[in-house]
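Colleague: When you get a sec, could you give me coordinates for this:
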Amino acid sequence: MEYSEKSRYHQLNRPAFFREYFEEWSVEAEGREVKPSYWKIAPVLLAAILASGAGPTQDSDTPQATFFAPVDVPLVSIDVYVSEHGGHPVPGLTEQDFAIFEDGAEVEISHFYASPGVTPATERMDGAPTVGAPQERSGQDIFLVILFDDTNLSRGRRQAAIEYLSSFLSSELPPHVNVMLVRYDGSMHVEHGFSEETDEIIASLASIRQAASLSRQIDETLLLREIQNAETMAAMSGDLGVEILRSSGNSTWQSIGYFVDENVARTRSGVANLERFIRSLSGLNGRKAIIYVSDGVPARPGEGLYRAWAEVFGVVPEFRINAQRAFVQAAQNDLSGEFDTLAKFSNGHRVSFYTLSTLGTLGGRAISAETRLMDEQDLAVDQAMSAEVLMANMAGATGGRPLVNSPALSDQLEEVSEELASYYSLAFEPDHLGDGKYHRLEIKVKRDGVQVRHREGYRDVPLDERMADRTLAAAVYGYADNSLGITVAVNGEIVTRDDGTFLVPVIITVPIGQLVLIPSEDEHRGQISILLLVRDQEGDLSAPVRREYPVAIPNALLTTALTQGAGFTIRLGVGEGRQRIAVGLRDEIAGSDSVTLLELDLGDGGDVDS
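Modeller: Down below sits the predicted model:
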């Protein structure tokens, strides 16, 4: 789920950045050890700060500052494309023209944004921002991923798609479009990271031409030929035809089973990898779209082969049961549910799919009902039509649309560019917070004769997951949203370990005044969580490091504490070379989180290069 946040809690004495910090592991305070499992800003520590001239003490009889209950409200953002007849965007709509329904009930629109493509020129000349617009990074950044699924894409059709995509990138894209190029061959390979420099992306596109294709279409064709050859030989052998079919029927059935099992397993693995990739995108603030280039995945892999087997080998008495089971066997491998789940997962992370399929390149040949056995062209069209339905459903459910790899693709990509620049962004405050459930969305426009496209729903991501997603995005892509003003720095000596790696002490500091604290009789209490991820120069990620820290401040010292920062030192094991440390910190009471980065280049012996 993509959040924009509106803070409605109030605090007194807003802070400056930290001037002192405290060690995480243990400190001696008032003759006792303060354990890291219970972080307390002890009077003796604050006294040391006061002695440094940080500020005056506050008498215990003086009324204390009160911190109201947490109300950091996550907003559900919905990007809406409204078109008229002919597909052109409808400009000039206002907040009053829209209505949002969550699970069938209308909700109040709290934020509204009209992109430049749908804002009349006279309004754009004012230079005034849209009131209440969700605050996206760099003014509504757009993150566009071009993803080649080489496990389901023939080399020839990939070449054709590259030509059209190169022309698309050479055209004038809307402002703030960051393009990334990714290739999937069982693992995700980022061929070029997010960039507005499209010339670099086009050069990387050219290099993909030489990459191997792992499509299994040839294997499927060979199995079909095996069935066809058996039928031909049986027809030429007269009374011996049944024996010929009997001798090859079992092995062919097993070969189809192996083929289907491998394809189902590979497809499910691909869906899981896509989900992990989508999750890495979810922490980016802004619109996110994937142009997914693939021959597509049939809803029921091997269904055409099972049908062909039943038509040829079903005349053998002992194979009739298998012939009857063929359609049941195909139905058991239906992958529609996996892609429905993938669409919901994408919606939950505000990622739209534009699926670029290959049906348009197959000549549009239909399968004849009178044809006893499909040929290779029939099989290709049959599978492509099945894949087309699956891909089109996913694109529609996520607010994107299907594209066809045909001579009309240039026009379709031009329309995609127009859509990226011509949309409305609406947001509302849900009455639930991180419930983990999927909620249906419907947008109605109070205009006749218009078409509306948007994601069909979203999953209300729990707060833990939201911070993890943002920290992951920071580690992978280098984007951070640091609304709480946290800082991270190396704090102390870097130790070289026996295995050649380094133990790096880093201090994470948060301004205390940015936290929501709950007053009690003697102190104000808060709670924070910290999550760290390290990405090395090879792109590998460390296991996440998570810490939780209660914070308690004596009332007598609250005013001074509000001008200080609470610092927490964590020692990380990292390797030599460039390292990116992503740090996520969440105020557990307010439900607000913040992410920042520390870039290191560790040379021989643990020296830090700037």
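Colleague: can you pull the contacts of the residue lying closest to Ala561 once chain neighbours are set aside?
Modeller: Among residues not flanking Ala561 along the chain, Ile553 sits closest, at 4.7 Å (C-beta to C-beta, 6 or more residues apart in numbering). For glycine as for every other residue, the C-beta is placed from the backbone atoms N, C-alpha and C. The contact partners of Ile553, by C-beta atoms under 8 Å, 6 or more residues apart in numbering, come to Ile41, Ile512, Leu517, Glu523, His524, Arg525, Ala561.
Colleague: Neighbour-wise, which one of these leads?
Modeller: Of the contacts of Ile553, Leu517 is surrounded by the most neighbours, 27 neighbours in total, counting by other C-beta atoms under 10 Å.
Colleague: Now the nearest residue to that one once chain neighbours are set aside: which helix or strand?
Modeller: The spatially closest residue to Leu517, leaving aside those adjacent along the chain, is His524, at 3.8 Å (C-beta to C-beta, 6+ apart). Using DSSP states H and E, His524 falls within strand 523-536.
Colleague: So what are the sheet partners of the following helix or strand past that strand and their directions?
Modeller: As assigned by DSSP H and E, the chain's next helix or strand after strand 523-536 is strand 545-554. The pairing partners recorded for strand 545-554 under DSSP bridges are strand 523-536 (antiparallel).
Colleague: got the CA coordinates for the strand it pairs with in PDB?
Modeller: Extracted C-alpha coordinates of strand 523-536, given in PDB (Å, rounded to 0.1, in the frame of the first residue of the first chain):
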ATOM      1  CA  GLU A 523       7.800  10.600  33.000                       C
ATOM      2  CA  HIS A 524       6.900  10.700  29.300                       C
ATOM      3  CA  ARG A 525       7.200   7.500  27.400                       C
ATOM      4  CA  GLY A 526       7.700   6.600  23.800                       C
ATOM      5  CA  GLN A 527       8.600   3.500  21.700                       C
ATOM      6  CA  ILE A 528      10.700   3.200  18.600                       C
ATOM      7  CA  SER A 529      11.800   0.400  16.200                       C
ATOM      8  CA  ILE A 530      14.900   0.400  14.000                       C
ATOM      9  CA  LEU A 531      15.400  -1.700  10.900                       C
ATOM     10  CA  LEU A 532      18.700  -1.900   9.000                       C
ATOM     11  CA  LEU A 533      19.600  -3.400   5.700                       C
ATOM     12  CA  VAL A 534      23.000  -3.400   4.000                       C
ATOM     13  CA  ARG A 535      23.400  -3.700   0.200                       C
ATOM     14  CA  ASP A 536      26.900  -4.500  -1.100                       C
END
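Colleague: residues near Ala326, how many?
Modeller: Ala326: 24 surrounding residues under other C-beta under 10 Å.
Colleague: Surely it is in a strand?
Modeller: No: in this structure, Ala326 is helix, not part of a strand, as judged by DSSP: H, G, I helix; E, B strand; the rest coil.
Colleague: Go ahead and confirm it touches Ala308.
Modeller: No: at 9.1 Å, Ala326 does not count as touching Ala308 under the criterion of C-beta atoms under 8 Å.
Colleague: Please name the residues that touch the closest residue to Glu576 other than its chain neighbours.
Modeller: Excluding its sequence neighbours, the residue lying closest to Glu576 (C-beta to C-beta, 6+ apart) is Leu602, at 5.4 Å. Shown in contact with Leu602 (C-beta under 8 Å, 6+ apart): Ile494, Phe502, Val504, Val574, Gly575, Glu576, Gly577, Gln579, Val608, Asp609.
Colleague: Tell me the most packed of those, by neighbour count.
Modeller: Counting neighbours by other C-beta under 10 Å, Val504 leads the contacts of Leu602 with 24 neighbours.
Colleague: Give me the secondary structure label for that residue.
Modeller: Once three-state DSSP is applied, Val504 turns out strand.
Colleague: roughly how far apart are the nearest residue in space to Gly436 that is not next to it in sequence and His432?
Modeller: Closest residue to Gly436 apart from its sequence neighbours, by C-beta to C-beta, 6+ apart: Pro462 at 5.3 Å. Distance, Pro462 to His432, by C-beta to C-beta, to the nearest Å: 11 Å.
Colleague: Between these two, point out the one with more neighbours.
Modeller: Comparing Pro462 with His432 by neighbour count (other C-beta under 10 Å), the higher total belongs to Pro462, at 14 against 11.
Colleague: ok, which stretches of the stretch 251-400 of the chain are strands?
Modeller: Along the stretch 251-400 of the chain, counting by DSSP state E, counting those that start in this stretch, strands occupy 287-293, 351-357.
Colleague: I'd like to know which of those lies nearest to Ala590.
Modeller: Closest approach to Ala590 among those is made by strand 287-293 (25.8 Å; C-beta to C-beta).
Colleague: so who does Ala421 touch?
Modeller: Ser115, Pro116, Gly117, Pro174, Pro175.
Colleague: Would you mind checking these for buried ones?
Modeller: Neighbour counting by 16 or more other C-beta atoms under 10 Å classes Ser115, Gly117, Pro174, Pro175 among these as buried.
Colleague: what's the closest non-adjacent residue to the last one?
Modeller: Same thing as Pro175. Pro116 is the one closest to Pro175 (C-beta to C-beta, 6+ apart), at 7.3 Å.
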